[in-house]
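Trainee: The sequence and its predicted three-dimensional model are supplied below.
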Amino acid sequence: MKKLVLGLIVVAAFGVSSALAALRVDVTQGNIQPLPIAIPDFNAANPADTSAGANIASVVRADLQRSGLFRSLDPKSFVEQLKGVNATPTFANWRVINAQALVSGQATTQPDGRLRVDFRLWDVFEGSQMLGQQFTATPDNWRRIAHLISDAIYQRITGEKGYFDTRIVFISESGPATKRNKRLTVMDEDGANPKFLSNGYLVLTPRFNPTAQMIAYMSYISGKPRVYLFDMESGRQEMLGQFTNMTFSPRFSPDGNRVVMTLEQGGNSDIYVMDLRSRSMTRLTSDPSIDTSPSFSPDGSQIVFESDRGGSQQVYVMGADGSNPHRISFGPGKNGTPVWSPRGDLIAFTKQSAGTFRIGVMKPDGSGEHMPHLGAQRTRPDVLTHAARRTRLANLVDRYHRTQRTARPDTRRRVRPGVVSLDPVEGRTLEFPGNFAKNGSFRP
Amino acid sequence: MTKFSLATRLAAVSVVVLLGACTTKKAAQDTTPPTNTTTDSSTVQSSNIVPGSAEDLRVNVGDTVHFDYDRYEILDADKAILQRQAAWLAKYPSVRVTIEGHCDERGTREYNLALGARRANAVKEYLVSLGTSSARVDTISYGKERPMCTDSSEDCYAQNRRGVTTVASGANS
């Protein structure tokens, strides 16, 4: 299995970076106009590096465009050919095509075979440099270099950490509808490099460990549905605990030390937490209702979960020790699969009412419940997780339903279901290329 | 990555089953005059089914009960099937069974795993109440992962909301 560890990356920052840049995107406001950014293919000192320069720039353009906060201008519209990363651009040539930001870059294979990529981010109106960095890595990690560049640009302009150098784990499906082959699959956040981690047995609901290269998921490989840990570096899978009954819905705590999950006994499903260091299990709920789909708050002190103890599925919050479970969803219909945003300010959930599925968000105290605009009502948000860096959801669509479309004309529209990323604040959805997919989570 | 050919694996399994049926010699089969020569399982007559076998349970006793939407109570109409299952289990004391609980496609994945478990457990409890030893009955939930049909219709949903009693071990063959 190809190692996902990058190996040696050297990052050097250089150049003058103005502390108070006029160029900024405020991500907390709704209805942001995407910032036009020009990213020409990176220069290459040697002809052999030309394709690396073009490929890296192409990935950066796609990353920023996909975020919805940038509009990557078409390179065919560019007037000026940049002379390399150390040359100052003629800003008038970029103002004339309405670029507000410009990226110049250069790819150079070093004598030791590693690829070095330098780039500068320019404020076109001010005519000044905002950022300058250098990355070095083995050539086969060129995509990660591109994603790290996208992260750096994103953070410099929005103030938020980028999420482009992340991976998604999900279940990809193939085969006829009544005999699906479901496989644990990992891919880059932009849909590249899909790798199967399992084959031939039923696997469900994978989640990444936020601090380690590890996935928790549920598998029927032993016959009964049970929670497993998959160590991505060693390729080993390990059953979590020795339970005779079913365990499912695993989620990691933010510090990666605990796994909260559901344990079923005699038809009753309750939430338990396991400490991965001591392997001790603690029961958190003891109601005869179905208690499942737990999700930690970002500070690890609380857990939001789904319970039908009130007669129908609703969203509840309790302390991470199981104390004080209280209901927070009061809207009509059934509310479930809650996830806590990494910033702690929102809980997203699925709402089932009048035969439709929708995604809702609300504050952790249950107030402010609303549905971001999604478009087609036939989508089914199956399981929700949040990207580590932003209030962004992976809305994973059930195989029988269409993907969503938004009102924005520049968002691609797909007919086949797949992994969809939804920004619940702005209601923007972005789709990943790929197979039928379900149950994913983001990896920081 | 190696792609498994599911069809090949399924075909291999089917072939093994067929061969097994053909090579088993039973006195009952020898005395029954052959009424057809096809091995298509859909035309097998009940006289060719081995008593106490998984097929016996499936065909002659009935292995499936159904549930109302979002519910897990045993319906009155299904009690007769479970009574027959309990009687069959009493007749063949070495058989162990696993009850599978299934759901229709509505509802979230994890809730349906839990609901499937409730359904499987409801069947188990009913069988136990009729005298079956609880040690002989195991349960498993497939949630909505193993549908029998995939239309988004009430009829299909109803078919998928089911509890299936399957032989785990100890049956005749």
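Mentor: Perfect, thanks for sending it. Numbering: from 1, shown residues only, chains lettered A, B, ... in the order given.
Trainee: alpha carbons only for contacts and neighbour counts from here, please
Mentor: Will do.
Trainee: so who does the residue of chain A at minimum distance from chain B touch?
Mentor: Per Cα to the nearest Cα, A:G267 is where chain A lies closest to chain B, at 4.2 Å. By Cα atoms under 8 Å, 6 or more residues apart in numbering or on different chains, the contact set of A:G267 is B:A114, B:A117, B:R118, B:R119, B:A120, B:N121, B:A122.
Trainee: near chain A too, which of those residues?
Mentor: The subset of those within reach of chain A, by Cα under 8 Å from any Cα of the partner chain, is B:A114, B:A117, B:R118, B:R119, B:A120, B:N121, B:A122.
Trainee: Can you tell me which of those residues comes closest to chain A?
Mentor: When the ones next to chain A among the contacts of A:G267 are ranked by distance to chain A (Cα to the nearest Cα), B:R118 comes first, at 4.2 Å.
Trainee: State whether the closest one is indeed within a helix.
Mentor: Yes - according to DSSP: H, G, I helix; E, B strand; the rest coil, B:R118 belongs to a helix.
Trainee: Could you tell me how many residues sit around A:G311?
Mentor: A:G311 has 9 neighbours, counted by other Cα atoms under 10 Å in any protein chain shown.
Trainee: Apart from its chain neighbours, what residue comes closest to residue 128?
Mentor: This is for chain A. A:W122 (5.7 Å; Cα to Cα, 6 or more residues apart in numbering or on different chains).
Trainee: wait, I meant chain B there
Mentor: Nearest non-adjacent residue to B:V128, counting by Cα to Cα, 6+ apart: B:S134, 5.8 Å away.
Trainee: Over to A:L82?
Mentor: Nearest to A:L82 is A:P89, by Cα to Cα, 6+ apart, at 6.6 Å.
Trainee: And that neighbour, how far from B:I49?
Mentor: Here the criterion is Cα to Cα, to the nearest Å. By it, A:P89 lies 85 Å from B:I49.
Trainee: where exactly do the helices run in the chain?
Mentor: Looking at chain A here, since you left the chain open. Remark: helices assigned in chain A by DSSP state H are A:50-66, A:91-95, A:142-158.
Trainee: looking at chain B here, not the other one
Mentor: Using DSSP H, helices in chain B cover B:6-23, B:27-31, B:54-55, B:79-91, B:109-129, B:154-160.
Trainee: who's in contact with A:M281?
Mentor: Going by Cα under 8 Å, 6+ apart, A:M281 touches A:Y272, A:V273, A:M274, A:D275.
Trainee: what's around residue 72, how many residues?
Mentor: Because you didn't say which chain, this covers chain A. Neighbours of A:S72 (other Cα under 10 Å): 25.
Trainee: wrong one, I was asking about chain B
Mentor: B:Y72 has 23 neighbours, counted by other Cα under 10 Å.
Trainee: residues touching the closest residue to it other than its chain neighbours, list them.
Mentor: In space, B:Y72 comes closest to B:R119 once its chain neighbours are excluded; the distance is 4.8 Å by Cα to Cα, 6+ apart. By Cα under 8 Å, 6+ apart, the residues touching B:R119 are A:G267, B:F67, B:R71, B:Y72, B:E73, B:G101, B:H102, B:R162, B:G163.
Trainee: again, only this time at 10 Å
Mentor: Counting by Cα atoms under 10 Å, 6 or more residues apart in numbering or on different chains, B:R119 touches A:267, B:65-67, B:70-74, B:99-103, B:125, B:139-141, B:143, B:161-164.
Trainee: Type out the ChimeraX command that picks the buried ones from those residues.
Mentor: Restricted to buried positions by 16 or more other Cα atoms under 10 Å in any protein chain shown, the ChimeraX selection for these reads:
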select /A:267 /B:65,66,67,70,72,74,99,100,101,102,103,125,139,140,141,143,161,162,163,164
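Trainee: Starting from B:T132, give me the distance back to the residue nearest to B:S53 when sequence neighbours are not counted.
Mentor: Nearest residue to B:S53, sequence neighbours excluded (Cα to Cα, 6+ apart): B:N172, at 4.5 Å. Distance, B:N172 to B:T132, by Cα to Cα: 18 Å.
Trainee: Same drill for those two, tell me which one is more crowded.
Mentor: The neighbour comparison of B:N172 against B:T132 (other Cα under 10 Å) goes to B:T132, with 20 against 14.
Trainee: Enumerate every residue touching the nearest residue to that one once chain neighbours are set aside.
Mentor: Nearest residue to B:T132 in three dimensions, chain neighbours excluded: B:A86, at 6.1 Å (Cα to Cα, 6+ apart). By Cα under 10 Å, 6+ apart, B:A86 lies in contact with B:V61, B:A80, B:Y92, B:Y126, B:L127, B:V128, B:S129, B:L130, B:G131, B:T132, B:S133.
Trainee: Kindly indicate the member of those residues with the most neighbours.
Mentor: The residue in the contacts of B:A86 with the most neighbours, by other Cα under 10 Å, is B:L127 (22 neighbours).
Trainee: I figured it was touching B:A80, is that so?
Mentor: No - checked against Cα atoms under 10 Å, the pair B:L127 and B:A80 is beyond contact range at 11.2 Å.
Trainee: For burial, what's the neighbour tally of A:V25?
Mentor: 20.
Trainee: Could you tell me the model confidence score at it?
Mentor: Looking at A:V25, its pLDDT stands at 73.
Trainee: Relative to A:F164, how far out is it?
Mentor: 17 Å.
Trainee: what's the neighbour count on A:V96?
Mentor: A:V96: 10 surrounding residues under other Cα under 10 Å.
Trainee: which ones are touching it?
Mentor: A:V96 touches A:F78, A:V79, counting by Cα under 10 Å, 6+ apart.
Trainee: low-confidence ranges in chain B?
Mentor: Low-confidence segments of chain B (pLDDT under 70): B:1-47.
Trainee: hang on, A:P342 packs against A:S253?
Mentor: No - the pair A:P342 / A:S253 is not scored as a contact, 11.5 Å apart, by Cα under 10 Å.
Trainee: Common neighbours of those two, please.
Mentor: Jointly contacting A:P342 and A:S253 under the rule Cα under 10 Å, 6+ apart are A:F296, A:S297, A:P298, A:D299.
Trainee: Count the residues that sit near the closest residue to the third one other than its chain neighbours.
Mentor: Translated: A:P298. Take A:P298 and drop its neighbours on the chain: the residue closest to it by Cα to Cα, 6+ apart is A:P342, 5.4 Å away. By the measure other Cα under 10 Å, the count of residues near A:P342 is 21.
Trainee: Check A:P342 and give its pLDDT.
Mentor: The predicted local confidence for A:P342 is 79.
Trainee: List phi and psi for it.
Mentor: When quoted as degrees, to the nearest 10, the phi and psi of A:P342 stand at phi -60, psi -20.
Trainee: picking that back up, from the contacts of B:A86, pick the one nearest A:L64.
Mentor: Within the contacts of B:A86, the smallest distance to A:L64 is 58.6 Å, found for B:Y126 (Cα to Cα).
Trainee: Please give me every residue in contact with that closest one.
Mentor: Residues B:E73, B:I74, B:K79, B:L82, B:Q83, B:A86, B:T132 are the ones in contact with B:Y126 under the rule Cα under 10 Å, 6+ apart.
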